[in-house]
Each structure stands twice: as structure tokens, then as C-alpha cells.
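K.L.:
structure for this input, please:
(chains A and B)
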2 protein chains.
Amino acid sequence: MDSASQTFRDAADLLTRGESHRVWSLIVTIFGDMAQGAGDAISGAALARLVGLMGIRPEAMRVALHRLRKDGWIDSRREGRGSLHWLTPFGRRRSAEASPRIYERVRSLPGTWHLLLSGGADGTGRAQLEAAVLTGDYLPIGTQALLGPGPLPGDLHGLLGADITRFQVPGWLRDQVCPAEVVALYNGFEADLGAVAAILDRGPPLGALETAAIRLLCVHSWRRLLFRHPDLPDVFFPDNWPGPVCRARFCDLIERLPAPGLDRLEAPA
Amino acid sequence: MDSASQTFRDAADLLTRGESHRVWSLIVTIFGDMAQGAGDAISGAALARLVGLMGIRPEAMRVALHRLRKDGWIDSRREGRGSLHWLTPFGRRRSAEASPRIYERVRSLPGTWHLLLSGGADGTGRAQLEAAVLTGDYLPIGTQALLGPGPLPGDLHGLLGADITRFQVPGWLRDQVCPAEVVALYNGFEADLGAVAAILDRGPPLGALETAAIRLLCVHSWRRLLFRHPDLPDVFFPDNWPGPVCRARFCDLIERLPAPGLDRLEAPA
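P.N.:
Here you go, the predicted structure:
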């Protein structure tokens, strides 16, 4: 990081704020942003240069890669004196699933949603409800109901199911979906994005690797913010929620910071 | 009742089974079936002849009429040496609301339904939910949810609301909507309707007043049966529910037993 430009350092400081990102999660962001295609691969050397710019040591990267291999996200092989890494089919699928949520300028969500309800007091269907929550696609509402995207699944395992076309969402649920502290994080990130844009306006152009690193720090912070709340239509968020504005600013900024081709990444200046 | 024909007595016995109907409720059935129009009225004398055929004494009728006047269903005035009775606008409105449920050959229900949900564990909206139940239009599901006909009302008083276009209904809810004992009552009523039809087939034709009385006993038993369960699409009822078959038999039978005109009722044979 010593060799990085002042512009890069100012922008990177803003986006990390001294906080150390979880390295394995950052690597998921990198592959998802730059090497999601079948056949895409990044060498260990290029990856080390990229995460090095973000203040991560090679040993931390190797530990993270080991974990990602164990969890089935990443595959690797020796290539000459180094190694080559790529997303497994599982990793590619998960990245593809997350991409619309991260990159869409206006979040498009299904027109139909569904509710699953258990029987309530006597506990009918409580276990089935809890099993459905574990899939991660559902928003729990109280103890008796789950809200999920799309139409009803085929097998409801004894729960009451209903396809929904229109909602009216009360304040208590909007506060549950996006609590005040998450609204505050959005406001903070929106300000950071503005400050990064101002730094880029002022400074000399960044090199390709620095551009990629700032882009990835933006994507990574945005991804972490998104996963603090469920992916729901705007009507589920508090009135003062800056989500759509923040999303537009994020998209503006990463348009200014294009991902380099993988060949460019392997042959740095 | 002594002057009644054997055919009438056999049919009436089947439809009352020794059980004494609540007189005020029977009178609501009579006005709803025969005198629902604005300006329709029945004299005390004609009403006494009609309920007399069903085994009800004039004093019991007078007590019931007094209660119905007090509750705002019926209005009365002296007319010569007797009296005249008619449904109030409130009574006409309630009768008109109930009529499709009673008389439709194939029950037509709205294509849209809505769910109201409270916040669950922390009790958010529990009081609002309980207030909505009291309107009688809602089916409670557990402690947290209510299902109602038509689209969402304008003001949800802080509840989560959802318009529903399709259901998948589990066994536990179908058993709640129509428990085994109500299914048994349906089966019993279906058999009774068949037996009444057989009696009418065998015997000589009934007079106008007897026809009206048998018709009214059928309508009254059917109305009481309907109000043992909520008015929901067939998908909410147990697999072996004989509702649609029973409804068809009821409609067949009362087509054979036309309501007499009010003039005919006032001038009995």
C-alpha cells in the first residue's frame, strides 16, 4: 500500500474507515465482481496484489482461500510456480443470485409474494415455519407468519399459504425490516460515496489496479449494507429510508470505476 | 297444527325433529324469505297462522316480535283490529346481505381476499386484531392473523395487510373452518331434504300456507347450518364436505315450494 497514490489512499481510507474487512468475504466480492463467468480465473499473484492494495497480507489471503475451498466456493490448482483460483459452480450460482441485488440501478422485485402461516396458539406448523426461515428467503412476521418472494412453492408442509399482490405495511414492520441504525448506516454510506466521488474528481486518474481496488471496496461495503436487511419492495422500508438514492449514487460511482479485464489484472503496470 | 295434512306433518316433523326453533330467529327467516322488499308487510293474523303451523303459540310470537322491534329489525303499527309488521331498513339490509349466502345455487364469493396480521410476540396490533374479529366478517387464524373477504379496507389501524389471490389451505385450517360435527350436520340435513322430497312426492299437494311453512322450515334449517361456519371458498372445507351437494338439494327443494304472494298469505284457504 506504500506505493499507492494519495488519491487512492484517501478514497480507500474512507471506504474502510480503519475497519478490517473479513478477508474471505472480500474475496467473494472480488470473484463475484470480476470473475463470475465460467472459465474465469485469477492467479494467486494478481489476487495478492489486489488485496495487498486494500491492506491485506498474503497469509490472511491464503487462510481465507483455504476456508473458501473448504466451503465449496473456490477451486484452485497449481500453475507453474504459482496457483490459479476460480469460483466453483456453487460459487458462481450464489454470486449470480446476489448480483441483481447489488448492481441493479432500480431494484426489480417480483410482483407476487407469498405468506406462510402456522396455526398459532396450538403450535400447528411451528416446526415447519422454523425450517422455512432457515432457507434465508423469508421475512418472519411475529411468530406465526413468513413472507417470501414469488408465488407459493409447491409443498407447504402443512402451512397455510397465500399469494399476495398488494401490501399495506405498518410502521412497526418497517422499523423491523430496517431499524434506525441501518437507516443511519445508509446515510453514512451515501455521504462516503459522495466524498469518494469528490476525491476522484480532484485527484489525478488512478491506475487500473487502484481503480479496481476502490471499485471493489465500494461494492463490498454496499454488499455488506444490503445484507443488513431483507430484500423487499420500498413500501416495506421506513419513510426516511435513503435506499433508492444510495443505490443510484453507488451505481454512478462504480460506472466511473470499471472492472479491469482479467488479462489486465494479471499484467499490472 | 291439528288441521294440518298428514303430508305436512310428516315433512315438518323431519325438519324440526322435535327441536323448538328460536322464534325470533324463525321470524327473521320469514320476513327475509317473503317480505324483504320495501313496503312489504305481514299482518299479525297471517303471521300467527304461519308460525302456528310450525307449532309456535301466539304469545311466543308476540314476545319475539317485541324483541325484534327492540333490536331494530321489525317495525309494527296497529291496523284495524290487528297489527301490521315489516322489516326496518336495517332489517332489510341485513336480510339482503344474507340472501346470496342462503339462496345462491352455486355460492359465488369474491376473487380477492385479504389478510390482516399483528406483530405477534410483542403484542403489536393485538387489540386492533381483536376489534376486527368483532365485526364478524373475519376468520381468525391462530392469534396473529385474520382472513376477510374482498380487497384490503382503507384503514388497517396499524396492522399488516395483504391482498390475496390464491390460497393453499392445510388440513388443520379446514378442520377449524368446518369441524367434523358440522360435516355430520350437513350429511344429516342432506338426508332430511331427500326424505322431505320423498314425502312430497308421495302425498297429495299441500295448500299454499302449508307449502310456505315447509319452505320456511327448510330455509330456516339451512340458514342455521350455514351460520355454523364462515362463508369461504370450497378450498377451505374438508375433502368430504357435502356443502355444494347439500346446497343443490336445498335449491331443488325450495323451487318445488314457492313462497306465496303476501296477498295469498293474508287470505288463507
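K.L.:
quick check, pLDDT for the residue nearest in space to the middle of chain A.
P.N.:
Nearest residue to the geometric centre of chain A (Cα atoms, centre = their mean): A:Arg223, 2.5 Å. Turning to A:Arg223, the model gives it a pLDDT of 95.
K.L.:
the one 3 residues further on now?
P.N.:
With respect to pLDDT, A:Leu226 has a value of 94.
K.L.:
can you give me the helices in chain A?
P.N.:
Assigned by DSSP state H, the helices in chain A fall at A:6-16, A:23-34, A:44-53, A:58-70, A:89-103, A:126-133, A:171-177, A:180-202, A:208-226, A:243-256, A:262-266.
K.L.:
and the shortest one, what does it pack against?
P.N.:
It refers to helix A:262-266. strand A:42-43, helix A:44-53, helix A:208-226 (3 or more Cβ pairs under 8 Å, 6 or more residues apart in numbering or on different chains; DSSP states H and E). The C-beta positions use only the backbone N, C-alpha and C, and glycine is treated the same way.
K.L.:
who are the packing partners of the lowest-mean-pLDDT helix or strand in chain A?
P.N.:
In chain A, the helix or strand scored least confidently by mean pLDDT, DSSP states H and E is helix A:126-133, which has a mean of 75. Under the contact definition 3+ Cβ pairs under 8 Å, 6+ apart, helix A:126-133 sits against strand A:145-149.
K.L.:
is the strand it packs on positioned near chain B?
P.N.:
Yes: judged by Cβ under 8 Å from any Cβ of the partner chain, strand A:145-149 and chain B are in contact via A:Ala145.
K.L.:
wait, doesn't the residue nearest to the centre of chain A sit right on A:Ser95?
P.N.:
No: assessed by Cβ atoms under 8 Å, A:Arg223 is found out of contact with A:Ser95, at 10.6 Å.
K.L.:
so what would you say the end-to-end distance of stretch A:145-164 is?
P.N.:
Stretch A:145-164 has its terminal residues 13 Å apart, counting by Cα to Cα, to the nearest Å.
K.L.:
with stretch A:236-252 instead?
P.N.:
Using Cα to Cα, one end of stretch A:236-252 lies 25 Å from the other.
K.L.:
what does it contact?
P.N.:
A:103-107, A:167, A:169, A:171, A:173-175, A:177-178, A:180, A:183, A:186-187, A:189-190, A:193-194, A:197, A:218, A:222, A:229-230, A:234 (Cβ atoms under 8 Å, 6 or more residues apart in numbering or on different chains).
K.L.:
ok, back up a step: where do the contact lists of A:Arg223 and A:Ser95 overlap?
P.N.:
Shared contacts of A:Arg223 and A:Ser95 (Cβ under 8 Å, 6+ apart): none.
K.L.:
how about the residues of the stretch 151-269 of chain A by chain B?
P.N.:
Residues of the stretch 151-269 of chain A lying near chain B (Cβ under 8 Å from any Cβ): A:151-152, A:156, A:158-173, A:176.
K.L.:
which ones among those map onto strands?
P.N.:
Counting by DSSP state E, these place A:Leu160, A:Gly161, A:Ala162, A:Asp163, A:Ile164, A:Thr165, A:Arg166, A:Phe167, A:Gln168 in strands.
K.L.:
of the residues you listed - the most surrounded one?
P.N.:
A:Leu160 (27 neighbours; other Cβ atoms under 10 Å in any protein chain shown).
K.L.:
gap between the residue nearest to the centre of chain A and chain B?
P.N.:
28 Å (Cβ to the nearest Cβ, to the nearest Å).
K.L.:
A:Ala41 now?
P.N.:
45 Å.
K.L.:
buried set for stretch A:94-107?
P.N.:
A:Arg94, A:Ser95, A:Ala98, A:Arg101, A:Ile102 (16 or more other Cβ atoms under 10 Å in any protein chain shown).
K.L.:
so can I have JSON lines of the residues you listed showing distance to A:His114 and pLDDT?
P.N.:
JSON lines is the format used below for the buried residues of stretch A:94-107 (distance: Cβ to Cβ, whole Å; pLDDT from 0 to 100):
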{"residue": "A:Arg94", "distance to A:His114": "23", "pLDDT": "94"}
{"residue": "A:Ser95", "distance to A:His114": "26", "pLDDT": "96"}
{"residue": "A:Ala98", "distance to A:His114": "22", "pLDDT": "93"}
{"residue": "A:Arg101", "distance to A:His114": "19", "pLDDT": "95"}
{"residue": "A:Ile102", "distance to A:His114": "24", "pLDDT": "97"}
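K.L.:
let me know the closest of those to chain B.
P.N.:
Nearest to chain B, judged by Cβ to the nearest Cβ, of the buried residues of stretch A:94-107 is A:Arg101 at 22.7 Å.
K.L.:
ok, the closest one - contacts?
P.N.:
Residues in contact with A:Arg101 (Cβ under 8 Å, 6+ apart) are A:Arg107, A:Leu226, A:Asp231.
K.L.:
ok, those residues vs chain B, which is closest?
P.N.:
A:Asp231 (17.6 Å).
K.L.:
number of nearby residues for that closest one?
P.N.:
If you count neighbours by other Cβ under 10 Å, A:Asp231 ends up with 15.
K.L.:
list the contacts for it?
P.N.:
By Cβ under 8 Å, 6+ apart, the residues touching A:Asp231 are A:Arg101, A:Arg107, A:Leu109, A:Pro149.
K.L.:
need the contact list for the third one.
P.N.:
Each residue near A:Leu109 by Cβ under 8 Å, 6+ apart is listed here: A:Pro149, A:Asp231, A:Leu232, A:Pro233.
K.L.:
which one (most neighbours) among the residues you listed?
P.N.:
A:Leu232 (20 neighbours).
K.L.:
could you find the closest non-adjacent residue to that one?
P.N.:
Once flanking residues are discounted, A:Leu232 sits nearest to A:Val177: 6.1 Å by Cβ to Cβ, 6 or more residues apart in numbering or on different chains.
K.L.:
my read is that that neighbour contacts A:Leu139, right?
P.N.:
Yes: at 7.0 Å, A:Val177 counts as touching A:Leu139 under the criterion of Cβ under 8 Å.
K.L.:
quick one: buried residues of stretch A:249-262?
P.N.:
Judged by neighbour count using 16+ other Cβ under 10 Å, the buried positions of stretch A:249-262 are A:Arg249, A:Phe250, A:Leu253, A:Ile254, A:Leu257, A:Ala259, A:Pro260, A:Leu262.
K.L.:
measure the third one to A:His114 for me?
P.N.:
A:Leu253 sits 35 Å away from A:His114 when distances are taken as Cβ to Cβ, to the nearest Å.
K.L.:
sorry, back to before: what's the closest of the helices of chain A to B:Ala48?
P.N.:
B:Ala48 lies closest, by Cβ to Cβ, to one member of the helices of chain A: helix A:126-133, at 57.1 Å.
K.L.:
what's the separation between A:His85 and chain B?
P.N.:
Counting by Cβ to the nearest Cβ, the gap from A:His85 to chain B is 44 Å.
K.L.:
what about that residue, distance to A:Leu53?
P.N.:
According to Cβ to Cβ, A:His85 and A:Leu53 sit 17 Å apart.
K.L.:
same check on A:Glu79?
P.N.:
Using Cβ to Cβ, A:Glu79 is found at 22 Å from A:Leu53.
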